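Asks: the sequence and its predicted three-dimensional model are supplied below.
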Amino acid sequence: MTFAYSSAELQAILVPVAVRGATSAVITGIAALRDAAPWELSFLGNTKYKPEVAATRASIVLLPADYVGAPAADQAFFLVENPSAALASLCARIEQALWPRSEAGIHASAVIDPAAQIDPSATVGPLCVIEADVVIGPRTIIGAQSFIGRGTRIGADCWFMAGVHLATQTLVADRVRLHPGVVLGSDGFGYDSSSGKHLKIPQVGQVVIADDVEIGANTTIDRARFSRTSVGAGTKIDNLVMIGHNVVIGRHCIICAQVGISGSTTLEDYVVLGGQAGVAGHLTIGKGAKADGQTGINTTVAPGTFWKGSPCVPYQLEQRINVLRQRLPDLFRKVDTLAEELAELKKGN
Amino acid sequence: MTFAYSSAELQAILVPVAVRGATSAVITGIAALRDAAPWELSFLGNTKYKPEVAATRASIVLLPADYVGAPAADQAFFLVENPSAALASLCARIEQALWPRSEAGIHASAVIDPAAQIDPSATVGPLCVIEADVVIGPRTIIGAQSFIGRGTRIGADCWFMAGVHLATQTLVADRVRLHPGVVLGSDGFGYDSSSGKHLKIPQVGQVVIADDVEIGANTTIDRARFSRTSVGAGTKIDNLVMIGHNVVIGRHCIICAQVGISGSTTLEDYVVLGGQAGVAGHLTIGKGAKADGQTGINTTVAPGTFWKGSPCVPYQLEQRINVLRQRLPDLFRKVDTLAEELAELKKGN
Amino acid sequence: MTFAYSSAELQAILVPVAVRGATSAVITGIAALRDAAPWELSFLGNTKYKPEVAATRASIVLLPADYVGAPAADQAFFLVENPSAALASLCARIEQALWPRSEAGIHASAVIDPAAQIDPSATVGPLCVIEADVVIGPRTIIGAQSFIGRGTRIGADCWFMAGVHLATQTLVADRVRLHPGVVLGSDGFGYDSSSGKHLKIPQVGQVVIADDVEIGANTTIDRARFSRTSVGAGTKIDNLVMIGHNVVIGRHCIICAQVGISGSTTLEDYVVLGGQAGVAGHLTIGKGAKADGQTGINTTVAPGTFWKGSPCVPYQLEQRINVLRQRLPDLFRKVDTLAEELAELKKGN
């Protein structure tokens, strides 16, 4: 259980236009209409699920103000302007309870270089390491056991969960959210192999993260060879993603889990990459282009196009090919038959 | 070297039915018959390798009680009921030596909230962070530098290696084993993009792990949007796996390395997913279904079926297609020839 | 900004054969000729970019000694023997400034077992945990918050970034470089499933890393069931790679990001695996063999061969197939037409 609210408490939070019925249940969960148990709240977010309202076991149901119908025994209908918005406001409330705002200040167990500048309104959790010349902005929270390397600058209102790692000279703007195990600024993967050995090419660039970016657990973003590996404002990156050195990611992109982007590739704004997709190096992916899960992008991609397959082809074509390839056994048989028939015919002539 | 046993010590551990020959070697390794060096022990686990016994350089060989044959000079044959079982018992002994049971108690360097309840028989390693309202059960070991977030409950006899991360309100049952870098309870990847920006949908559910689950290094399991992301009893998950929000995994599943499972998908019991397989969201994978490595599952899958390819098709069909696609160059040529021949024939008519 | 050099400072570092022109710019970045801004240095590393020199906005350009041409206003040409080598020497200098050599010694906040042997010239960062019987060689740097498990031995001149995890009895040779989140020695993924449950097979082997290996962020290498999982000298491994138990990797291999290698597979020397490639278990990949990104290797591979596709086929054949599969819609149509024509013809006969 992550929370517990009575019907009265939920009315105070959600301020429904009207309430039908009543329940003594204490609500400790939220679930879809068909899955809900009596200790859960449910909601009609999409009218196509309207038929499920009558049968739901949820003790409280958020419904649009014009909903017609009566609750069961020990069940309350909360009529609201917009059930989805009401649910979101409830979830935001629960989120605050789950992660109560830490007090400002630096935990006594953290190891802080005297040359670090940490805003007095910021929070640094237990057992963090903050190196020299780090700057941390107002109200930013650095979760426990995080590492912030030399010369890194972090803006305002960032929220880093415990256990993130920002290497030397990383730049992070405002309202950036990082999940545990994120690594920013590990070396790019670059070697000079001309001698038969792989000689390290120093990776002396940075990682630069713009406003409102969120990065998922255990994702890694390599520092540039020189200049910058960058992620644009509003872009959201899922877990276990790999972003290579000198990659430039635009604004408002969506990068799903386990995607890999090779070095020096550019994603323009609003690009969407499905899970486990891979992008080769030195390419440009145009604005708003999309790739399905597991796509292998090995070519520059025009804005607004949609890709699938490895190596990728346009989505509709790949869908077509995937139907036809399942008919390959038939096709081979058919061609054999045609060849035989033709041979017969030629013999006959 | 991780261990060192004399022949006499190994006899005391393994209690063979009979011993043939003798060796003065100190055994510091275990290896397959054909790979073994004189300082290693080997074993006949599968009768098909019987011909390799005579040539093995291992100084000690575990053999079935009815094995006929004599050892070489400075070599001992240990005859046992079941060589594989004997080997397992030896490995379990070595495992105890490698990870001697830590003393119960909390390391002085750990940062523990006063409102955490830690069983006196449990162990909390150095530099851990344990937040408020955490409950840790009997004999559970929390490895060094781990983070256990607010309100998390952990059962009995769990073994968490160093450096695991359990976010707020995670539930873990008994005998769960976690490897370094595991992240449980990072936020699910959910946004409302209707405005052109990606607005965060709060992720206020939990991660729930049942008894006897094992989770590999750097694997991430996201918390539910609401309700639960869950892993059933006895399921084993390898390294670098991504499990999305609201996924429900049944009992006794096997999830190999680098698999990704998208949000709200259900795996019934005994599902097996090969390495790097990906599963789309909102699907059901039936009981005992299997997918080969790199499979892309984009459809609900019936129980007991076996799948391959991206997008997936039934295993046998995919195998067939993979043979035929290599013959595509021939097929294209053949069809061209047929077309020419047919044109000739029509001309002739 | 990660560095700032005046033209005079750069001349002192790079010692050009000659300088043409002059600039008052302070150089704070490095960029390719066409991308460079006035505060950046650029270079002519490949003669094919010669036409770009005249138009570059870089204030300082490294050029070969025989370059003919004059700089723009407030621009300096540094003529050097080898512009790429000069750039590398500059980057090495910058790298030293980014990561100034830590002082030798053990940080007061680290938790060190009294039975660990740490060379006096080595550095152990803040909040590290070093268990019993660990040996750390001369000049090796163990970054902050790292975990070094019981009995692990680390050679000379290694550089571990913050937050690495070496489990019990890992062996690391000299000049090994590990990035944040690396896990060496997590358990192999092995179970005996004959009973319907998955019973743990103890994983009591080791991980052994040879000289000059580099391993990327959040990569995991599992310990062997028994004996060793090993990585040969000079091999470079990128981020988020998974290497299974008992894998043997040769010397000077290149393993790109998100590759997965299943248990007991052997890579001979100089193997190159592209990003997201997967290799099944118990295979041998011959010396110098290569696989493209996302390749699925399910077969033993001869030395020097190049593979692509999942499951893999020889690179050239796969390229051919990928062209032809896009023509499948045409082929199906053509065969239908042929069949109709043939039927007409037979009717006519």
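Replies: Good, I have the coordinates. Residues are numbered from 1 along each chain as shown, chains lettered A, B, ... in the order given.

Asks: C-alpha from now on. contacts and neighbour counts both.
Replies: Will do.

Asks: can you pull the residues of the stretch 101-250 of chain A lying near chain C?
Replies: A:111, A:127, A:129, A:145, A:147, A:150, A:165, A:168-169, A:181, A:183, A:186-187, A:189, A:197-198, A:201-206, A:218, A:220, A:226-227, A:240, A:242 (CA under 8 Å from any CA of the partner chain).

Asks: next step: those residues restricted to strands.
Replies: Counting by DSSP state E, the part of these found in strands is A:Val111, A:Val129, A:Phe147, A:His165, A:Val183, A:Ser186, A:Gln206, A:Thr220, A:Met242.

Asks: and the pLDDT for the fourth one?
Replies: By that I understand A:His165. On pLDDT, A:His165 comes in at 98.

Asks: can you name the residues bridging to it?
Replies: A:His165 has the following beta-bridge partners by DSSP bridges: A:Phe147, A:Val183.

Asks: relative to C:Ala22, how far out is the residue nearest in space to the middle of chain A?
Replies: Taking CA atoms, centre = their mean, the centroid of chain A lies closest to A:Asp238, which sits 3.5 Å from it. Going from A:Asp238 to C:Ala22 by CA to CA, to the nearest Å gives 47 Å.

Asks: care to break chain A down by domain?
Replies: Domain assignment of chain A by automatic domain parsing yields the ranges A:7-98, A:106-318, A:322-348.

Asks: can you tell me which of those is most buried?
Replies: Mean neighbours per residue, mean count of other CA atoms under 10 Å in any protein chain shown, is largest over the domains of chain A for domain A:106-318, with a mean of 24.

Asks: A:Cys256 and chain B, how far apart?
Replies: 8 Å (CA to the nearest CA, to the nearest Å).

Asks: contact partners for that residue?
Replies: Listed by CA atoms under 8 Å, 6 or more residues apart in numbering or on different chains, the contact partners of A:Cys256 are A:Ile237, A:Asp238, A:Asn239, A:Val241, A:Val272, A:Leu273, A:Gly274, A:Gly275, A:Gln276.

Asks: from those, which ones fall inside strands?
Replies: A:Ile237, A:Val272, A:Leu273.

Asks: mind checking pLDDT for A:Met1?
Replies: What the model reports as pLDDT for A:Met1 is 52.

Asks: how about the one 10 residues further on?
Replies: Confidence per residue is given as pLDDT, and for A:Gln11 that number is 96.

Asks: using the three-state scheme, assign it.
Replies: Of the three states, A:Gln11 takes helix under DSSP: H, G, I helix; E, B strand; the rest coil.

Asks: do A:Glu344 as well
Replies: With three-state DSSP as the basis, the three-state label of A:Glu344 is helix.

Asks: can you give me the distance of it to C:Thr265?
Replies: A:Glu344 sits 52 Å away from C:Thr265, going by CA to CA.

Asks: which regions of chain A lie under the pLDDT threshold?
Replies: Counting by pLDDT under 70, chain A shows low-confidence ranges at A:1, A:349.

Asks: helices of that one, start to end?
Replies: With helices called from DSSP state H, chain A shows them at A:7-14, A:83-98, A:315-325, A:328-348.

Asks: CA atoms only for the longest one, dumped as CSV, please.
Replies: Taking C-alpha atoms only, helix A:328-348 is exported to CSV below (Å, rounded to 0.1, in the frame of the first residue of the first chain):
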residue,chain,number,x,y,z
LEU,A,328,7.6,-17.5,-49.2
PRO,A,329,7.1,-21.3,-48.8
ASP,A,330,4.1,-21.0,-51.1
LEU,A,331,5.9,-18.8,-53.5
PHE,A,332,8.8,-21.2,-53.9
ARG,A,333,6.3,-24.1,-54.5
LYS,A,334,4.4,-22.1,-57.0
VAL,A,335,7.5,-21.1,-59.0
ASP,A,336,8.5,-24.8,-59.0
THR,A,337,5.1,-25.8,-60.3
LEU,A,338,5.2,-23.0,-63.0
ALA,A,339,8.6,-24.2,-64.1
GLU,A,340,7.4,-27.8,-64.4
GLU,A,341,4.3,-26.7,-66.3
LEU,A,342,6.3,-24.6,-68.6
ALA,A,343,8.8,-27.4,-69.3
GLU,A,344,5.8,-29.7,-70.1
LEU,A,345,4.4,-27.1,-72.4
LYS,A,346,7.7,-26.6,-74.2
LYS,A,347,8.1,-30.4,-74.6
GLY,A,348,4.5,-30.4,-76.0
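
Asks: wait, isn't the residue nearest to the centre of chain A in contact with A:Ala257?
Replies: Yes - shown here, A:Asp238 and A:Ala257 form a contact pair, counting by CA atoms under 8 Å, at 4.7 Å.

Asks: pretty sure A:Gly275 sits against A:Gly260.
Replies: No - if you go by CA under 8 Å, A:Gly275 and A:Gly260 don't touch, sitting 9.3 Å apart.

Asks: isn't A:Leu33 right up against A:Ala54?
Replies: No - proximity of A:Leu33 to A:Ala54 does not meet the contact threshold set by CA under 8 Å, at 9.3 Å.

Asks: list the contacts of the spatially closest residue to A:Ser310 that is not a sequence neighbour.
Replies: Among residues not flanking A:Ser310 along the chain, A:Gly296 sits closest, at 4.3 Å (CA to CA, 6 or more residues apart in numbering or on different chains). A:Gly296 makes contact with A:Ala277, A:Gly278, A:Val279, A:Ala280, A:Lys308, A:Gly309, A:Ser310, A:Pro311, A:Cys312, C:Gln294, according to CA under 8 Å, 6+ apart.

Asks: how near is A:Gly296 to B:Leu273?
Replies: 21 Å.
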